[in-house]
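[1] need a structure here:
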Amino acid sequence: MEKLIIRKLDLNVKLSNSENMNTKIYKSSKNIQLIIETTLVFTGMSFLSVYIHQFQFENKFLKWFFYTVLLLFQGLWFYRLYIIGHEASHKKLFKKSNLTNDVFGSFFLMPLVTPINIYRKIHMFHHGFNRKDDDTSALDTFTTNKITLLKKVYFYTVWYVSVFFGGLFIHSLVSVILFLFIPPSISKKISPAFNGWTWYDQFKAIALFGMGIGFHYLVFYHFGIDVYLWVLGYPLLSFAWILSILVYIFHYKTTVGKDVRFNVRSVNKLPFFSWVLMNFNEHATHHQYPNIPWYDLPINRIELPSEYAKKNQNTWNFFMAIMQQLKGPRIIEKDKK
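    All right, here's what the predicted structure looks like:
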């Protein structure tokens, strides 16, 4: 069943000359460079965080200013780890070896305590059913039998907490933990994303989750609570906030319908953010052709069909895409659909 769904929804689109793609050769060297760069910057930020806290600043304001800036950057860098996991979930880190791909994907997801096989299941469902209807993979949409003032207040509160106060991260974390410990037969009933999920998959996910917990514990045990908080604890909270704000800007109030790969928007390149987030701004291209690796997305930008572009590309501005989420959720009355 799962293979039929994937084939039908073109999740594994092949690049071809007829598509006028500029990318034809997979460049593993780009991902090796990515792995080295990401590891070095992560390590450097960790040392810098410890140094800032141990250095005797005469001006306390200056100390906390530097640390706040660093903490935001650490949160963004944790988001890069998440996007490396995203590339691995598409098996694009090392295409010639699924094992190597998953080993490196799992390594970079360890600080986020996220098993790559659960990530892959949920993400493939997102690609296959993104905003297919008002009840499927549309995080900004609430459906109800009747809209009342009390319900509107509730839906708006849930939305604002989810986006601007880390709620979407909490939702993701709870989802991961939930599917770790419930039987596969029940997982399939809760979410069709887990069709084909087996006990072997679950044990593998538990092992990977345990590795993530173990990584956090080792840092805590060997370096103490203060260093742990500066290097992993506080940056993880920063990431939770940044992820919740950014994760849905490419889909917020875009079209809903069966052409799922067009229910998306891109935003213009901002050199710093595009570097940190690995060209994630080219999201419409990614959804139309998920096999294009991160480094080739800018040169292969594909515009949405005009009927989708009119609705979805209401902004190309990165910050405007964030701020428009303040407008709140879509609330749909079922009997008026």
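
[2] What ranges does the stretch 1-150 of the chain have for its helices?
    Using DSSP state H, counting those that start in this stretch, the helices of the stretch 1-150 of the chain run over residues 2-8, 28-54, 60-89, 98-109, 116-129, 149-164.

[3] Compare the ones you listed and give me the one nearest residue 226.
    Among the helices of the stretch 1-150 of the chain, helix 28-54 comes nearest to residue 226, with 7.0 Å by CB to CB. In this view, the C-beta of every residue, glycine as well, is placed from N, C-alpha and C.

[4] if we can go back for a sec, any chance of the helices of the stretch 1-150 of the chain in TSV, plus distance to residue 202 and mean pLDDT?
    Output for the helices of the stretch 1-150 of the chain, formatted as TSV (distance: least, CB to CB, whole Å; pLDDT from 0 to 100):
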stretch	distance to residue 202	mean pLDDT
helix 2-8	16	34
helix 28-54	28	94
helix 60-89	17	95
helix 98-109	16	96
helix 116-129	9	95
helix 149-164	27	97
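
[5] Would you format those helices as JSON lines with mean neighbour count and distance to residue 243 included?
    Converted to JSON lines, the helices of the stretch 1-150 of the chain look like this (neighbours: other CB atoms under 10 Å; distance: least, CB to CB, whole Å):
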{"stretch": "helix 2-8", "mean neighbour count": "12", "distance to residue 243": "26"}
{"stretch": "helix 28-54", "mean neighbour count": "15", "distance to residue 243": "17"}
{"stretch": "helix 60-89", "mean neighbour count": "18", "distance to residue 243": "6"}
{"stretch": "helix 98-109", "mean neighbour count": "19", "distance to residue 243": "13"}
{"stretch": "helix 116-129", "mean neighbour count": "21", "distance to residue 243": "13"}
{"stretch": "helix 149-164", "mean neighbour count": "15", "distance to residue 243": "10"}
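
[6] burial measure for residue 207, as a count.
    Counted by other CB atoms under 10 Å, the residues lying close to residue 207 total 11.

[7] Double-check residue 76 against residue 277; I have them as touching.
    Yes: shown here, residue 76 and residue 277 form a contact pair, counting by CB atoms under 8 Å, at 7.4 Å.

[8] if we can go back for a sec, out of the helices of the stretch 1-150 of the chain, flag the one nearest residue 303.
    Using CB to CB, the nearest of the helices of the stretch 1-150 of the chain to residue 303 is helix 116-129, at 19.2 Å.

[9] Mind exporting the C-alpha coordinates of the closest one to PDB?
    What follows is helix 116-129 as a C-alpha-only set of coordinates in PDB (Å, rounded to 0.1, in the frame of the first residue of the first chain):
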ATOM      1  CA  ILE A 116      15.900   9.200  11.300                       C
ATOM      2  CA  ASN A 117      13.400   6.500  10.400                       C
ATOM      3  CA  ILE A 118      10.600   8.200  12.200                       C
ATOM      4  CA  TYR A 119      11.600  11.500  10.700                       C
ATOM      5  CA  ARG A 120      11.600   9.900   7.200                       C
ATOM      6  CA  LYS A 121       8.100   8.300   7.700                       C
ATOM      7  CA  ILE A 122       6.500  11.600   8.800                       C
ATOM      8  CA  HIS A 123       8.300  13.700   6.200                       C
ATOM      9  CA  MET A 124       7.400  11.400   3.300                       C
ATOM     10  CA  PHE A 125       3.800  11.600   4.400                       C
ATOM     11  CA  HIS A 126       4.100  15.400   4.400                       C
ATOM     12  CA  HIS A 127       5.400  15.300   0.800                       C
ATOM     13  CA  GLY A 128       2.700  12.900  -0.300                       C
ATOM     14  CA  PHE A 129      -0.300  14.500   1.400                       C
END
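
[10] For it, which outside residues touch it?
    Here helix 116-129 makes contact (CB atoms under 8 Å, 6 or more residues apart in numbering) with 5-6, 9, 11, 85-86, 88-90, 102, 105-106, 109, 136-137, 175-176, 179-180, 191-194, 197, 201, 204-205, 208, 260-261, 287, 290.

[11] 7 Å instead?
    With contact meaning CB atoms under 7 Å, 6 or more residues apart in numbering, helix 116-129 is reached by 5-6, 9, 11, 85-86, 88-89, 102, 105-106, 109, 136-137, 175-176, 179, 192-194, 197, 201, 204-205, 208, 260, 287, 290.

[12] Equivalent analysis for stretch 221-236, please.
    Against stretch 221-236 from outside (CB under 7 Å, 6+ apart): 46, 49-50, 53, 71, 74-75, 78, 111, 216, 219-220.

[13] do that again at 10 Å, thanks
    Contacting residues not belonging to stretch 221-236 are listed as 42-43, 45-54, 67, 70-78, 111-113, 169, 214-220, 237 [CB atoms under 10 Å, 6 or more residues apart in numbering].

[14] Which residues are in contact with residue 309?
    262, 265-266, 284, 303.

[15] Please point out which parts of the helix or strand encompassing it sit buried.
    In this assignment (DSSP states H and E), residue 309 forms part of helix 306-312. Within helix 306-312, the residues that count as buried by 16 or more other CB atoms under 10 Å are 308, 312.

[16] CA atoms of that helix as PDB?
    What follows is helix 306-312, C-alpha atoms only, in PDB (Å, rounded to 0.1, in the frame of the first residue of the first chain):
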ATOM      1  CA  SER A 306       0.400  30.400 -12.500                       C
ATOM      2  CA  GLU A 307      -2.900  29.400 -10.800                       C
ATOM      3  CA  TYR A 308      -0.900  28.300  -7.700                       C
ATOM      4  CA  ALA A 309       1.700  31.100  -7.800                       C
ATOM      5  CA  LYS A 310      -1.100  33.800  -7.700                       C
ATOM      6  CA  LYS A 311      -2.300  32.400  -4.400                       C
ATOM      7  CA  ASN A 312       0.800  31.000  -2.800                       C
END
